[in-house]
Structures are given as structure tokens and as C-alpha cells.
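> what's the 3D shape of this:
(chains A and B)
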Amino acid sequence: MNSNCFVHINVDINQYSTNQPSTWCPGCGNFGILQSLKQALAELKIAPKNAVVSYDIGCGGNMVNLLRVCGFATLHGRSVPVAVGAKLANPKLTVIAQAGDGGLLNEGANHLIHAAQRNDNITVLLHNNLVFALTAGQTSAATPVGLATKSTPEGNVYPPLNPLLLTAAASPKAFLARAFAFDFSQTTTMIKAAIKYQGFSLVEIIMPCLVWSDDYNLDYFKERIYYPEELPQDQASLLKFLATPGERVPLGIFWSPKK
Amino acid sequence: MFSVKFSGPAGFGIMEGGRVLGEALSSLGFSVLSYPEYPSRIRGGDNVSQISFSSLSTPLPEAKNDLLVIFSPENLPLHLNEKKENGLLLYNEIEKKPLQYSEAVGIPLDEIAQKTAGFFLARNSVASGVVFGLLNFPLLALKESLKNAFANKGEKVVAGNQKAAEAGYRLAQKINWRGENIPQPPEGEKKRLFLTGNEAISQGALEAGVGFAAIYPMTPINSILTILAGKKKETGMVVFTPEDEIAGINAALGASYAGRRAMVATSGGGFSLMVEAFGMAGAAEIPLVVVEGMRTGPSTGMATWTSQEDLLFLIHAGQGEFPRIIFSPGDPAEAYRFTFEAFNLAEIYQLPVVILTDKYLSESVFSSDFFSAQTWGLKIKRGKLAQPADLKNYRRYRLTKDGISLRAFPGQAQFLTNSYVHDEEGFSVEDGQTRVKMKEKLLKKLAHFSSPGSALYGPKKAKITLVSFGSTKAAVLKAQENLADQGLAVNFLHFYRPWPFPQEAKKILLAAEKVISVENNSTGQLAKLIKMEIGIEVDQQILKDDGRPFFEGEIEKKFKS
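So this is what the prediction gives:
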């Protein structure tokens, strides 16, 4: 894992900064995502006025105050359809939808699979912190089995949805990547590739909640994440790869089909 | 008024037949209404098209008919009591065997269609031919109408249907029936339109420059999707069929935000799903046109039948308080005009505007005096758009005297759009002072909105004032005329834009001696709105809520002077 969280690359990322205070806890993975996104936009030379970023509700959604682009704070679960409409209306724009696991796997799961099915030319950044965090820690559709939360004091019993597998099943054309919010350099690379991809792209960014995800905390993931050297080369092995959870958590760009 | 009813199973060409017959009658100069009734199914059942026409007044649906043509014997029992005293009941004699209904006269529609056109589907053209023959109207008008209707299906289909109609026309000469009160085509040619409410709405949207429509199929607005989808290439507009209504309205808001004139069309059920995003249009100040076609509720209700149950729902839809405009056109001309105006007002005031229609207005075909954008001097007005000089230090929600800020689009400037309470720049805020300031800005936009929303028909002063909104317009106008003929001093106030509540209507109602409301619902929603807005109790409510529009004579019957 690359631990240089704030590597300086010679681009101006301040053009994407605002003067607003953040609402995030110290050390939250959202800082990493924000930094990576600014870096990716800067490296791709996308001007703030040409970048549309739609936000879901939740901690990740509060990024609207911190990222200086054409930001649009939408409703819970709806950052994807708003992004789809903006892109259809003006295909010249770079359009990115951000959402948490609640917004993409609970409330807005319908939109995720259909945007993938249509291969809508947008980038979706999934801030996966494994729980409903801003509402103070309830089980989401991404919560691991066994995790005790405010809504499941005896532990969650439902196996979590796998966003990459869902999306892969919805469309063979979807760009698929998994990042770790605390790996700045790799996350930036993946966001850049996703934005450049002509078609639907999803980057699942793992960022365990520092407050509400006790057993699945930063150390848990740091011990398990890895970047596999061999990646699936065809649709069948991709589905098998995504559907077979191992002990470890693979990261990387898993699928970036050439048309 | 003279009424013809076609009935038969779905798939038998009832709707198309009614439309073609209506077109033909309309081309003769009659005022025509083709009113469809049909169950929610693809094949079978009882589809009905009632074609009413008059040379004098606007026709209404009516309970009894002068001519009935039943396209399948199984549908006969449903319509035995729908014949006027001297009416004629015809049915498609598929097998030569006597039926127990002595009053029904068999004619071999299928056999003639097969013999002349070569396909059974031409049975509706045979039926129209029979009707034209019985009325002794010029066959040429019917043949022209068939040509227009089937032109896109090729010459063979046109010729087949025309031959079928001709055979029907000849057959009529052998039927022993002398109709009474057959209207005669009016003198002098007049250019008339014959169109549905949905066609008028679509035309209004297209001429207003709609650039994005998100429509999830739902009765009664489906034909809007069909029409707009057919115009994609010609106009460059985006027609988006979303995964659900929620995606639809959110995508429409995304498109509007990105610079296109955007709309959604749905019914009450779909709108229920859209409500949260309807509120976002209000809070984030994004222009949007919503077409809501009411049908019989609550819940799934009766999917293919009419009602006016959603007025108060629309006025109050969404959590929190935000401004909106609601039109309720009374006929296709108003549907066209106010759809066009809705796109202007949505952009001028940066808020959602609703066109409240219903199954009756959306799907019936009406004669209408010719209209175009020029009739009302309609022009595209986009409101306050930021000019290049405005883009420096641009603030999306800048405070202004009238509450309306300059709009820019992504690509022109960097700015924020926000469904949270936000400051002038669009940053989410939670402090009380900014909240109050921004809420005042939001509500200021329509605070002085004073354009008229109602029309008064009949004498300025009257003993009785009838009030209604939306598609009941023609029925109430007719009732007003009939009551006036009985010597009553009666006028009619029609709300074509019930929200914001029209200022001029307040004055008229406060001065009225006796107010009677007419609505297609059970609770009197317009009457409630009047009470809420000006504190007066309506004296009588005439309500109908069986899924059917008001029929000829019904309002007068329920009226108590």
C-alpha cells in the first residue's frame, strides 16, 4: 500500500478548494477521497465550471461545501439520476455522482444498476463506510454479517450486497474499480481512469467509518487489502472473481473494457 | 347533439374507428367529441368510443346514444340500455344465428371487411361507412379521413379501408331506420382542429422548446411519450424513459440544471413517487414542468378512468414550504397554451409548474377552433439568464429585490446548486439568520404574482355563480347555458390556474350571491380551496366520482336553485 497520503504532484488543486469548514471527523476517509478527486480533476485539466458533481445525503454529501466545482447537493439515493440527466442534457460536461453505501445500495440501488445497464456516461464514486454513519450508525446493505450497529445490536444477519458484482451483472460495459480511501495515489489513479472512461464507471472506495464500524476498522482493512497482479480477462472470470470473496480485500481497476 | 357509440373487445379497432369517424365529422364542420372508455387490458373486455357531434354547441359525453355499433355479440348485453328512444342498435353478426335481443340488428361487419379490404381490422371502417350512410353524409369526407389516418401504413391499407367504408355506406341504404334530430353540417367552411388533450400538451411543449422529457409509462399520459419520442430526431430533444418516476424527475432536474427545458409526465401514482424531488425543484430553484394526468384513485384505483382527486395534493405536495404554479386547462386549446406558458413561468420564476390534466381531457378527442402560438402571442421567455459580464463573482442564489437570481449553467461558470438550506453561493448552512433570509427570498418570487388564473363566462352579475377547474369546463358551460335558457341569472367562473389562487377570482367570489361548485371527486377540493383562501363556504357542491366525466344534462339535474 502506498502510504504517501498527500504526495505533491505539480498541479494546482487549490482551484477546487473552498473556504468552508468540513463536517468530517479527524482522520475520516472522506478527506482522502476529496483530495484524490481534486488531484484527478487537476491532472485531467477539468475546469471547475465544466465538472458537475452530484451528491447524495450523508457525510460524503457534505463534500458539496468543500469541492469547488459545479456541485449539486441532491436527495438521498438520487445523485445518480440527477447526474444522468445533466450528462444527457450536455454531454460536454464531466459528470460525477457521489454517494454512500446507503445512497447506492439501499435507497438508490435501482438507479445504480439501471445507469450501468444503459451505460450512461457518468462516473459514480461509492463512499463505502459499511454503515449509515451520519444518522449515527445503523446497518446498511453494505454492512458485514455480525457487525453490531444501532439497528442490529445483536449483529447484522444479512450478507452485504456487492456493488461491483451487481454492476458487472447489469452491464459488461461498466468500468469497475475498488479503491481504499487512505491510499491517495492509487485512488487518484482509479478516479482519473474512471472519468476518462467513455461509458458507465463505478469506483467503490472503501473508507471504514472511524466511529461506527468497530470490528471493521482501519486496521482490519490495512491488514487485508492488496492489489492483485493477475486480473480477470473475460466477463466470466470477472463475475467469478467478484463473486468469490476471499480472506483479503482486492483493490484495483478490475474491468475497463475497450469498446 | 347526436351520439354514436362503437363498442367491442380491445384489439378490435374501436379507438381508431372512433377517431376516424370523429375526424370525418369534424371535417364536415361539426363540433365533435370522441370519448373513449376502456378497461385496463390489452385484448378482450369492452372498449368503447362514443362520438358525439353537434352543429351548434360543444358536445359532451351522454348516457344514451342515437346509434350503437357493437363489434362483437358478447359485448351486446352491456349496452342494451344505452339506446335513445328512436336510436338504432347494430351488432357485428359473426355467425348467422338469431340472438335473444330482438332490438339488435345484425350486420356482417367482419364478412364485409374480409371481402372488401381483405382483413378483419377494416371492420371499423365498415362501421363508419354504415354510420355515414345512415346519416346520409358525404362518403368522400369519410374516405379522406381514412386516407389521413392510414397514410403511413401504405396505399393498400388506405384502399382496403376505403372500400370497406364504401360497402358499409351501401349496406346502410338497406337498413330501415329514420333517425331524428340528425344535425346537418353547418354552412361555410371553418378551419378546425380535432385533437386530444395530450396532443395539445405535447404540441405546447414542443413549440415552447422542450429539450428533455423523462416519462415512465402510465395511463393517461402515455401518448405524450409516443408523440415526443417521434420528435426526437427532428428537434434534438432527449426523451428519457427512466427506471422509475423517481429517476425520471431527478434526471429532468439534472437536465434543467444543465440548461435544457425539462418536463416529466405521469399520473397521480407516479407523481406520488416524484414528490420529494418536486420539493427539490422548489428548494434548489430549478425550473421544471410536471404534467399530472389524474385518474380514478385512491392508490391504483381504476387505471383507465377519470377523476379530479389530486388538486389539493398538488397544491400541498412536498415537505416544507415552497412556491409552485398549477394550471388546470379546460380543453385542448388551454392545454396547449398553458403548457407553453408553463415552460416560460418555470424559467422566469425558477420553480416547478404543474399541468393538471385528467384521463378525460388527455385521451378524448375534441374539436377545437384553430389555435397557434400567435393566438395568444406566445413567445419563449427564459427569464433571468446570466450574461457573460455576470459570470464573474457569480452567485447562484444572489439576493435580489424580486427574489429571483440570475441563472447560469454548468460550463458557463462554477456555482453550487443545493437542496439543503443554502446561502447566496449555494453552500449548505444551518444558521437561523441565513435560513430566514433565504426562505424569504424563496417565497418572495410569487408573492406579487398577479396574472389571472380564472375566466368568467356569462353575465358579470348573476344570482348564481358556478365554479369548477380543469376538464369540467365544457360541461359546466353547457349547464350554464341551459340554466340561463330557463331564465336563471347564472354565470360560471372557471379556474384554469387554481394555484396561486387567482386574485380576480377572490373578488368575484366575495361578491357572488350563491356559489355552486362542480367537481369530479367526492370531497369538493375546489370548494375547500375557496374556503381556505377566502373563507367563504360554497352553497352547493355538485360532485361526480364514478370514473366518468359529467354527461350531458347531469349538472342541471343535480342543480338546486
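
> who in chain A is up against chain B?
With the criterion set to CB under 8 Å from any CB of the partner chain, chain A comes near chain B through A:18, A:20, A:47-52, A:54, A:62, A:64-65, A:68-75, A:78, A:80-90, A:92-93, A:110-111, A:114. The C-beta positions use only the backbone N, C-alpha and C, and glycine is treated the same way.

> filter those residues to the buried ones?
Buried members of the residues of chain A next to chain B, scored by 16 or more other CB atoms under 10 Å in any protein chain shown, are A:18, A:20, A:48-52, A:54, A:62, A:64-65, A:68-75, A:78, A:80-90, A:93, A:110-111, A:114.

> could I get the contacting residues of residue B:556?
Residue B:556 makes contact with B:479, B:482, B:483, according to CB atoms under 8 Å, 6 or more residues apart in numbering or on different chains.

> tell me the spacing between the last one and residue B:491.
What it means is residue B:483. Distance of residue B:483 to residue B:491, computed by CB to CB, to the nearest Å: 10 Å.

> identify the contacts common to the two.
Each of residue B:464 lies in contact with both residue B:483 and residue B:491 under the rule CB under 8 Å, 6+ apart.

> hang on, the earlier thing: could you identify which of the contacts of residue B:556 has the most neighbours?
residue B:479 (28 neighbours; other CB atoms under 10 Å in any protein chain shown).

> any idea which element that residue lies in?
Taking DSSP states H and E as the criterion, residue B:479 maps to helix B:473-485.

> just checking: what are the partner strands of whichever helix or strand comes after that helix?
Counting by DSSP H and E, the element after helix B:473-485 in chain order, helix or strand, is strand B:490-495. Sheet pairing for strand B:490-495, assigned by DSSP bridges, gives strand B:454-457 (antiparallel), strand B:464-469 (parallel).

> mind giving me CSV with those and columns for mean neighbour count and mean pLDDT?
Formatted as CSV, the strands paired with strand B:490-495 follow (neighbours: other CB atoms under 10 Å in any protein chain shown; pLDDT from 0 to 100):
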stretch, mean neighbour count, mean pLDDT
strand B:454-457, 17, 98
strand B:464-469, 27, 98
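
> for residue A:182, find the nearest of those.
strand B:464-469 (59.2 Å; CB to CB).

> quick one: contacts of that closest one?
Contacts to strand B:464-469, defined as CB under 8 Å, 6+ apart, come from residues B:308, B:311, B:328, B:356, B:476, B:479-480, B:483, B:488-496, B:498, B:508-509, B:512-519, B:526-527, B:530, B:538, B:561.

> could you show me where the helices are in the stretch 151-259 of chain A, in order?
For the stretch 151-259 of chain A, the helices defined by DSSP state H, counting those that start in this stretch cover A:163-170, A:184-196, A:218-224, A:235-243.

> residue A:170: neighbour count?
Counted with other CB under 10 Å, the neighbours of residue A:170 add up to 18.

> likewise residue B:541?
Around residue B:541 there are 19 other residues, counting by other CB under 10 Å.

> can you tell me the helix or strand for it?
Using DSSP H and E, residue B:541 maps to strand B:540-543.

> rewinding a little: can you put the strands paired with strand B:490-495 in a markdown table and add distance to residue B:200?
Below are the strands paired with strand B:490-495 laid out as a markdown table (distance: least, CB to CB, whole Å):
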| stretch | distance to residue B:200 |
| --- | --- |
| strand B:454-457 | 17 |
| strand B:464-469 | 17 |
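
> show me how far stretch B:79-98 is from its chain's centre.
Computed by CA atoms, centre = their mean, to the nearest Å, the separation of stretch B:79-98 from the middle of its chain amounts to 31 Å.

> flag the shaky bits of the stretch 1-150 of chain A, pLDDT-wise.
Along the stretch 1-150 of chain A, the parts satisfying pLDDT under 70 run over A:1-9.

> now for the nearest residue to residue B:94 once chain neighbours are set aside: which residues touch it?
Excluding the flanking residues, the one nearest residue B:94 by CB to CB, 6 or more residues apart in numbering or on different chains is residue B:110, at 5.6 Å. For residue B:110, the contacting residues are B:92, B:94, B:120, B:123, by CB under 8 Å, 6+ apart.

> contacting residues around the first one?
Looking back up the chat, that one is residue B:92. Residue B:92 makes contact with B:8, B:69, B:70, B:71, B:72, B:73, B:106, B:107, B:108, B:109, B:110, B:123, according to CB under 8 Å, 6+ apart.

> try it again with 10 Å
Contact analysis of residue B:92 by CB atoms under 10 Å, 6 or more residues apart in numbering or on different chains lists B:8, B:12, B:69-73, B:75-76, B:106-113, B:123, B:126-127.

> restricted to strands, list those residues.
Per DSSP state E, strands hold the following members of the contacts of residue B:92: B:8, B:69, B:70, B:106, B:107.

> turn these into JSON lines, including pLDDT, neighbour count and distance to residue B:269.
Listed next are these as JSON lines, based on pLDDT from 0 to 100; neighbours: other CB atoms under 10 Å in any protein chain shown; distance: CB to CB, whole Å:
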{"residue": "B:8", "pLDDT": "96", "neighbour count": "28", "distance to residue B:269": "29"}
{"residue": "B:69", "pLDDT": "98", "neighbour count": "30", "distance to residue B:269": "34"}
{"residue": "B:70", "pLDDT": "97", "neighbour count": "27", "distance to residue B:269": "33"}
{"residue": "B:106", "pLDDT": "94", "neighbour count": "18", "distance to residue B:269": "42"}
{"residue": "B:107", "pLDDT": "95", "neighbour count": "20", "distance to residue B:269": "41"}
